[in-house]
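Novice: this one's sequence-less:
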């Protein structure tokens, strides 16, 4: 199963290539932010995004991020599997 997981941007390491480092529950990886920034939205360190298969799909606020993470954590092993996959598929 591939869920969209909320993550916080900790670094925009290559703005021209639309790459940022995103932290999801303590696991960090490179994520493509091109779908958001090419749509006119801006992203900065501290912003929250919904991440799906290595792409930031949308910018979300912190409250929505926390609610979504709480819900996904209630799924138990599904959450654990998603975090393991997120951390294991570094670019």
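Specialist: Ah, there it is. The shown structure was predicted, so the numbers you read here are calculated from the model rather than taken from an experiment.

Novice: Give the buried residues for the helix or strand harbouring residue 31.
Specialist: Using DSSP states H and E, residue 31 sits in strand 27-32. Buried residues in strand 27-32, counted by 16 or more other CB atoms under 10 Å: 27-32. (Glycine included, C-beta is placed from N, CA and C.)

Novice: For that strand, what does the pLDDT average out to?
Specialist: Strand 27-32 shows a mean pLDDT of 92.

Novice: what helices or strands is whichever helix or strand comes after it leaning on?
Specialist: Remark: after strand 27-32, the chain's next helix or strand is helix 34-37, criterion DSSP H and E. Applying 3 or more CB pairs under 8 Å, 6 or more residues apart in numbering; DSSP states H and E, we find helix 34-37 packed against strand 55-60.

Novice: got the buried residues for the strand it packs on?
Specialist: Buried, per 16+ other CB under 10 Å, within strand 55-60: 55-56, 59-60.
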